[in-house]
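Q: only the shape, not the letters, is given here:
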């Protein structure tokens, strides 16, 4: 039942043959595709492969045909485990020929000898063979690089340590030294490939953090996107057959959000590439993980990448905190995501992003924004980068960003922080296209509220803009032009004079006294040039 590739000088490419009943024979190429190539290559020790049709066709009289109508899912460990018409097939017409090309394995890693797929002895492929990595000097930073290269979110701090060698496999890479920020183990420094004197013959081992098995990709914020699930070392998408709100709810809850807002189908967030792992998913809505729901089998699908699903999730209101500061209003920004608090990279970070953080935490505005870990360094970094808020969003995860950027160039020395203000009477503009326009909201008694448009004029708008640091008001808008607010309506019948520099000093009916609805919330547009 063993397989081999023939007809090409490179051992990772050629026509597939299988050994049966003491004789090598070919596999009918009529039904061979990428799934079958994947199984053949993995059986040969490669990571995967592809099939391609070639022009040369052999005569049936020249070859022994052992298998015909072979169909694999891509998950079988051996070609003989795939479905077929049985041994010694006689119906193959050899109307075409197929060459299988396996992926180049040089430098690839794998874990072996562990209790599960995310822990074990570190092995690296070099010069056409697998070898173990010498454990001399091995530590957490080296384990972190290995785990991230294998697609995990990092290494567990309770590393396995070193295990005495039990076999005869050669050792590679002595005295590996990593900073923890390399994208691959070969980027770390090491004392040559061939190891002659590895102390006590120790293997390097790791235990990787496999906690994140779901992610959202392709959305405008971290709370929405195409659903991808991690299985068997690969990220893959999910087919939309029978996809519903219960399934979406399980996805959002598993990612740490409160619930789902929308469940999308038909590549709303892009079609994805590579593996499609799940189809016909049927959740009750009570499961804690998506793979606990019923579905036929991993990789058993009847769809393509045009039919993959996405979701939009609703976050909890308390998914952000400030830590390491002198009080409640300042500190390093951390977001609670997938069961842990994670810090944020400083790339593209500015005061607009900081304002959104403060708004989300219930403060009136941001006084200062920092990007050099002045509040200390975090332990985990959120896998988003280049956050670009306009300053009018109500939640940071709604801002555009580069997400799941596992190879970004940030270190924890660049963790961002903020200093917020809870000043009574502070103003903000919400719902506008830019930071200089929007619905007028004022901070009073620890809560944001709107202003009713009754008797509102350009004079009141002028006070608002000047208080916010702008030189003049260009326009004012009534009837919730920038959308309706929520919660309190703090002011009504506001009447300002030229002497007023703050809206709270203008005459009005009294805090919370009004005869309005949020459909009457007032808005302004200020001149962009700041004094």
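A: Done, it's in. Being a predicted model, the structure only gives us computed values, none of them experimental.

Q: what about the closest residue to residue 70 other than its chain neighbours, how many neighbours?
A: By the measure of CB to CB, 6 or more residues apart in numbering, the closest residue to residue 70 outside its immediate chain neighbours is residue 84, 4.6 Å from it. Glycine gets a C-beta too; all of them are placed from N, C-alpha and C. By the measure other CB atoms under 10 Å, the count of residues near residue 84 is 19.

Q: residue 18 should be in a strand, yeah?
A: Yes - counting by DSSP: H, G, I helix; E, B strand; the rest coil, residue 18 is part of a strand.

Q: where does the stretch 151-300 of the chain dip in pLDDT?
A: For the stretch 151-300 of the chain, the stretches with pLDDT under 70 are 151, 153, 156-171, 194-197, 199-201, 210-212, 221, 233, 256, 265-267.

Q: tell me where it has helices.
A: For the stretch 151-300 of the chain, applying DSSP state H, counting those that start in this stretch gives helices covering 245-254.

Q: mind listing the strands for it?
A: 162-164, 171-172, 202-207, 214-218, 224-231, 234-238, 259-264, 276-278 (DSSP state E, counting those that start in this stretch).

Q: and for the fifth one, what's in contact with it?
A: Outside of strand 224-231, the residues within contact range by CB atoms under 8 Å, 6 or more residues apart in numbering are 151, 210, 212-219, 235-238, 251, 262, 267-270, 272, 277-278, 290-291, 298, 308-313, 403.

Q: can you flag the buried ones in these?
A: 210, 212-219, 235-238, 251, 267-269, 272, 277-278, 290-291, 298, 308-313, 403 (16 or more other CB atoms under 10 Å).

Q: now residue 522. Nearest residue, chain neighbours left out?
A: Nearest non-adjacent residue to residue 522, counting by CB to CB, 6+ apart: residue 453, 4.2 Å away.

Q: from residue 487, how far out is that neighbour?
A: Look at residue 453 and residue 487: by CB to CB, to the nearest Å, they are 17 Å apart.

Q: returning to that earlier point: wait, the residue nearest to residue 522 touches residue 524, no?
A: No - using CB atoms under 8 Å, residue 453 is not in contact with residue 524, being 10.9 Å away.

Q: of these two, who's got more company?
A: Using other CB under 10 Å, the more surrounded residue of residue 453 and residue 524 is residue 524, with 30 against 22.

Q: that one and residue 428 touch, don't they?
A: No - at 11.4 Å, residue 524 does not count as touching residue 428 under the criterion of CB under 8 Å.

Q: joint contacts of the two?
A: Common contact partners of residue 524 and residue 428 (CB under 8 Å, 6+ apart): residue 438.

Q: ok, now how distant is the residue nearest to residue 70 from residue 182?
A: Distance from residue 84 to residue 182, by CB to CB: 44 Å.

Q: now residue 480
A: Taking CB to CB, one finds residue 480 at 52 Å from residue 182.

Q: need the nearest residue in space to residue 506, chain neighbours excluded.
A: residue 496 (3.9 Å).

Q: quickly note the distance from that neighbour to residue 439.
A: According to CB to CB, residue 496 and residue 439 sit 18 Å apart.

Q: give me the low-pLDDT residue ranges for the stretch 301-450 of the chain?
A: Short version for the stretch 301-450 of the chain, where the test is pLDDT under 70: 315-318, 337-340, 379-385, 402-410.

Q: do a quick rundown of the helices in it.
A: 351-360.

Q: in it, which spans are strands?
A: Secondary structure of the stretch 301-450 of the chain (DSSP E, counting those that start in this stretch): strands at 310-314, 320-324, 330-337, 340-343, 365-370, 384-385, 402-403, 417-421, 427-431, 437-444, 447-451.

Q: reformat these as CSV; add distance to residue 129.
A: Below are those laid out as CSV (distance: least, CB to CB, whole Å):
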stretch, distance to residue 129
strand 310-314, 42
strand 320-324, 48
strand 330-337, 40
strand 340-343, 38
strand 365-370, 50
strand 384-385, 38
strand 402-403, 38
strand 417-421, 49
strand 427-431, 62
strand 437-444, 64
strand 447-451, 65
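
Q: so which of those strands comes closest to residue 376?
A: Minimum separation from residue 376 across the strands of the stretch 301-450 of the chain (CB to CB) falls at strand 320-324, 4.2 Å.

Q: just the buried residues of that closest one, please?
A: Judged by neighbour count (16+ other CB under 10 Å), strand 320-324 contains these buried residues: 320, 322, 324.

Q: direction included, what does the strand or helix carrying residue 131 pair up with?
A: Residue 131 belongs to strand 129-133 when assigned by DSSP states H and E. Looking at strand 129-133 with DSSP bridges, its partner strands are strand 119-126 (antiparallel), strand 171-172 (parallel).

Q: so for residue 34, which of the ones you listed sits nearest?
A: Evaluated with CB to CB, these place strand 119-126 nearest to residue 34, the distance being 21.6 Å.

Q: tilt between the closest one and strand 202-207?
A: Angle, strand 119-126 to strand 202-207, by axes from the mean of the first three to the mean of the last three CA atoms, to 10 degrees: 120 degrees.

Q: how far off centre is strand 119-126?
A: 25 Å (CA atoms, centre = their mean, to the nearest Å).

Q: touching it from outside, list them.
A: Looking at what lies outside strand 119-126 - CB under 8 Å, 6+ apart - the contacts are 105-114, 130-133, 146, 160, 163, 169, 172-173, 185, 193, 203-208.

Q: neighbours of residue 350, how many?
A: Using other CB under 10 Å, residue 350 has 15 other residues around it.

Q: so who does it touch?
A: The contact partners of residue 350, taken as CB under 8 Å, 6+ apart, are residue 369.

Q: measure it to residue 419 for me?
A: Distance of residue 350 to residue 419, given as CB to CB: 14 Å.

Q: repeat that for residue 343.
A: From residue 343 across to residue 419, the span is 16 Å (CB to CB).

Q: try residue 91
A: With CB to CB as the criterion, residue 91 and residue 419 are 76 Å apart.

Q: which of those two has more neighbours?
A: residue 419 (21 against 10).

Q: which residues does that one bridge with?
A: Counting by DSSP bridges, residue 419 is bridged to residue 330, residue 368.

Q: shouldn't it be in contact with residue 330?
A: Yes - if you go by CB under 8 Å, residue 419 and residue 330 touch, sitting 4.1 Å apart.

Q: now residue 215, nearest residue through space, not along the chain?
A: With sequence-adjacent residues excluded and distances taken as CB to CB, 6+ apart, residue 215 is closest to residue 228, at 5.2 Å.

Q: tell me what that neighbour is bridged to.
A: Residues in a beta bridge with residue 228, per DSSP bridges, are residue 215, residue 237.

Q: I'd like the distance between it and residue 268.
A: To residue 268, residue 228 is 14 Å away according to CB to CB.

Q: swap in residue 343?
A: To residue 268, residue 343 is 30 Å away according to CB to CB.

Q: which residues are in contact with the closest residue to residue 396 other than its chain neighbours?
A: In this structure, residue 396 finds its nearest non-sequential neighbour in residue 356, 5.2 Å apart by CB to CB, 6+ apart. Residues near residue 356 by CB under 8 Å, 6+ apart: 389, 391, 393-396, 399.

Q: repeat that with 7 Å
A: Contact analysis of residue 356 by CB atoms under 7 Å, 6 or more residues apart in numbering lists 389, 391, 393, 396, 399.

Q: of all these, which comes closest to residue 520?
A: Set against residue 520, the nearest of the contacts of residue 356 by CB to CB is residue 393 (23.5 Å).

Q: isn't that closest one right up against residue 399?
A: Yes - when contacts are counted by CB atoms under 7 Å, residue 393 is listed as touching residue 399 (5.4 Å).
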